[in-house]
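Student: quick one: sequence and predicted model below, then my questions.
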Amino acid sequence: MAFLGMETFAQKGIFVLYLGLWVNFGLLNQLAKKSHVEFNGTTAVLMQSLLKIVLSCYMFLIQDGTGKKMMKQAVEHRGVFLLYSIPASLYAVYDVLAYVNLKHFDPSTYVLLLQSRLPVTAIIHQVMFKTRLNRNQWIAVLITTAGCALKTVGDTVSTEKEAQPSAGVYGLLAIQILCSVFAGVYNELLLKKRPSIPLNLQNIFMYLNSVASLVAMLSLGLTGQTLTDAIKPENIRVMVHPIVLALVLIMSFVGIVTSVFLKLLDSVRKSIAGALELVALPIFSALLFRIPIAPHMFFSVAMVSSGMYLYSVPVTVPANVVSDEEAERLESIEGGGRLTWA
C-alpha cells in the first residue's frame, strides 16, 4: 500500500518538498510577527511573481534550450498562453475576494470555512478529468476536512463573537473558494493535457498572466491599494529584510514546485498536503516558539492522519460482483489509492 498512492521517489519527494516549503513559510510568518517585522503584502506578492518568471526562464534555459528556442515556442503556443489567463485571472479574483471577505469574517471563521475547498476540489477534479474517487478516498477527504475544521473551531472558541455575516457575504466566500479550486484544477488540466509543451514554458505563461492580472487589479484599486503604493521605495526596501526576503523566496519556489506537484500528482492530494500543513504548523510552532498546543489539536492531528491513511487504502471489489473486464477497470481506478486519468 503506497502512502496517498505515491509510488515513485519523485512523487514522494515533491510531496515532502511542497509540504516543507509551506510549513517553513508559516514558521517564518510567526517569526516575523514575533520580531515585529512589518511589510506590504501586495509588494511581496508582486516581487515573488516577478521572481517566479525569472526562475522559470532560468530553468527553461538550463533544461529545455536557448532563449531563441523559448521565444519560438512561446509564439508557437501563444494560444496556450491565452488559456493560462483563465487560472491567473481566477487567482486574481480569489485574492481580491480574500481582502473583501476578511473584512466580514474573523480570521478563524474565515480559515474554517475555507476548509470546504478539499471536498469541492475532489468534486471539480472528478468532473474535469472524468475520473472518480473510490469509497475510501471520499471518506478520507471528509475525515481530513473535519480534522482541519476541528483545529480551526478549537482556535475560535476563545475569540470574541462578531456580527453574523449576511447571506451575500457567504455567497462571495463561495465564489472565492470556487475560483481557487477551479483555477488549480484547470492549471493541472493544462499541464497534463499538453505534455509536449515544456513545463517551464507553461510556468512562464502562468506567471506572465499572473503579473498582468495583479497589475490590472492594482491599477483598478480592487485590493484597496494601487500600483503606486506597491512600488513605493519604502515598501521595496523592506523586501531585503532577511525574514521578508526568505518569505518571498519561499513563495517563489512554491510556485515552481506546485506545477511539478500537479504534473506528478493531482489537485486533490495538493489539498490534502495543505490540510496536513494546517495541523503540522502548530506542532512545529510549539517546538520552536514554545506556543502551547491546545488539547483539540491532538484530535485534529489524529483525524487528518487517519484520513491520509484511509486515502491510501485500496477498495477490494469481489470478483463475483462484476465481470472480469469491469473488475480490471475498477482495479485500475482504485488500486493503490490513486486517481487514474480517463
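Tutor: Noted; the coordinates are in hand. Nothing here was measured: the structure is a model prediction, and the numbers come from that model.
Student: low-confidence stretches in the stretch 101-250 of the chain?
Tutor: 106-108, 154-164 (pLDDT under 70).
Student: now do the helices in it.
Tutor: 107-114, 117-129, 135-156, 167-193, 199-220, 227-230, 233-238, 242-264 (DSSP state H, counting those that start in this stretch).
Student: C-alpha coordinates for the first one, PDB please?
Tutor: Provided in PDB are the C-alpha atoms of helix 107-114 (Å, rounded to 0.1, in the frame of the first residue of the first chain):
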ATOM      1  CA  PRO A 107      -9.700  35.100  10.700                       C
ATOM      2  CA  SER A 108     -10.500  31.800  12.400                       C
ATOM      3  CA  THR A 109     -14.000  31.600  11.000                       C
ATOM      4  CA  TYR A 110     -12.600  32.500   7.500                       C
ATOM      5  CA  VAL A 111     -10.000  29.700   7.700                       C
ATOM      6  CA  LEU A 112     -12.600  27.300   8.900                       C
ATOM      7  CA  LEU A 113     -14.900  27.900   6.000                       C
ATOM      8  CA  LEU A 114     -12.000  27.700   3.600                       C
END
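Student: now do the buried residues in it.
Tutor: For helix 107-114, a neighbour-count test (16 or more other C-beta atoms under 10 Å) marks 108, 109, 110, 111, 112, 113, 114 as buried. All C-beta spots, glycine's among them, are computed from the backbone N, C-alpha and C.
Student: again with the second one
Tutor: Buried residues in helix 117-129, counted by 16+ other C-beta under 10 Å: 117, 118, 119, 120, 121, 122, 124, 125, 129.
Student: next one: the fourth one
Tutor: Along helix 167-193, these residues count as buried under the neighbour rule (16+ other C-beta under 10 Å): 173, 176-191.
Student: how about the contacts made by residue 197?
Tutor: Counting by C-beta atoms under 8 Å, 6 or more residues apart in numbering, residue 197 makes contact with 73, 77, 80.
Student: 10 Å - rerun?
Tutor: 73, 74, 76, 77, 80, 190, 191, 205 (C-beta atoms under 10 Å, 6 or more residues apart in numbering).
Student: ok, now how distant is it from residue 70?
Tutor: Computed as C-beta to C-beta, to the nearest Å, the residue 197 to residue 70 distance reads 12 Å.
Student: next one: residue 15
Tutor: Residue 15 is 29 Å from residue 70, by C-beta to C-beta.
Student: now residue 127
Tutor: 34 Å.
Student: likewise for residue 62?
Tutor: Residue 62 is 12 Å from residue 70, by C-beta to C-beta.
Student: neighbour count: those two, which is higher?
Tutor: Set residue 62 next to residue 70 and count neighbours by other C-beta atoms under 10 Å: residue 70 wins out with 19 against 8.
Student: find residues that contact each of residue 62 and residue 70.
Tutor: Residues touching both residue 62 and residue 70 (C-beta under 10 Å, 6+ apart): residue 200.
Student: surely residue 61 touches residue 70?
Tutor: Yes: with contact defined as C-beta atoms under 10 Å, residue 61 reaches residue 70; the gap is 7.3 Å.
Student: any shared contact partners between these two?
Tutor: residue 200.
Student: near residue 303, how many other residues are there?
Tutor: Residue 303 has 21 nearby residues by other C-beta under 10 Å.
Student: could you shift the numbering so residue one becomes 589, and keep it that way?
Tutor: Sure thing, new numbering starts at 589, so read that last one as residue 891.
Student: now it: which helix or strand?
Tutor: helix 884-900 (DSSP states H and E).
Student: ditto for residue 880
Tutor: For residue 880, there is no enclosing helix or strand under DSSP H and E.
Student: OK, contacts around residue 825?
Tutor: 627, 631.
Student: likewise for residue 632?
Tutor: Contacts of residue 632 (C-beta under 10 Å, 6+ apart): 818, 823, 826, 827, 832, 833, 835, 836, 839.
Student: ok, the third one touching residue 818?
Tutor: Think residue 826. No: with contact defined as C-beta under 10 Å, residue 826 and residue 818 do not form a contacting pair (11.9 Å).
Student: how long is stretch 623-632 end to end?
Tutor: 18 Å (C-alpha to C-alpha, to the nearest Å).
Student: sorry, that was for stretch 697-712
Tutor: End residues of stretch 697-712 are separated by 24 Å (C-alpha to C-alpha).
Student: can you report how many residues neighbour residue 645?
Tutor: Other residues lying near residue 645 total 16 when counted by other C-beta under 10 Å.
Student: give the helix, strand or coil label for it.
Tutor: Following DSSP: H, G, I helix; E, B strand; the rest coil, residue 645 is assigned to helix.
Student: which ones are touching it?
Tutor: Residue 645 neighbours (C-beta under 10 Å, 6+ apart): 655, 658, 788, 789, 791, 792, 795.
Student: contacting residues for the fourth one?
Tutor: Read it as residue 789. Each residue near residue 789 by C-beta under 10 Å, 6+ apart is listed here: 644-645, 647-648, 652-653, 657-658, 661-662, 664-665, 668-669, 782.
Student: if we can go back for a sec, now the contacts of residue 632: which count as buried?
Tutor: Looks like the contacts of residue 632 have 818, 823, 826, 827, 832, 835, 836, 839 buried, using 16+ other C-beta under 10 Å.
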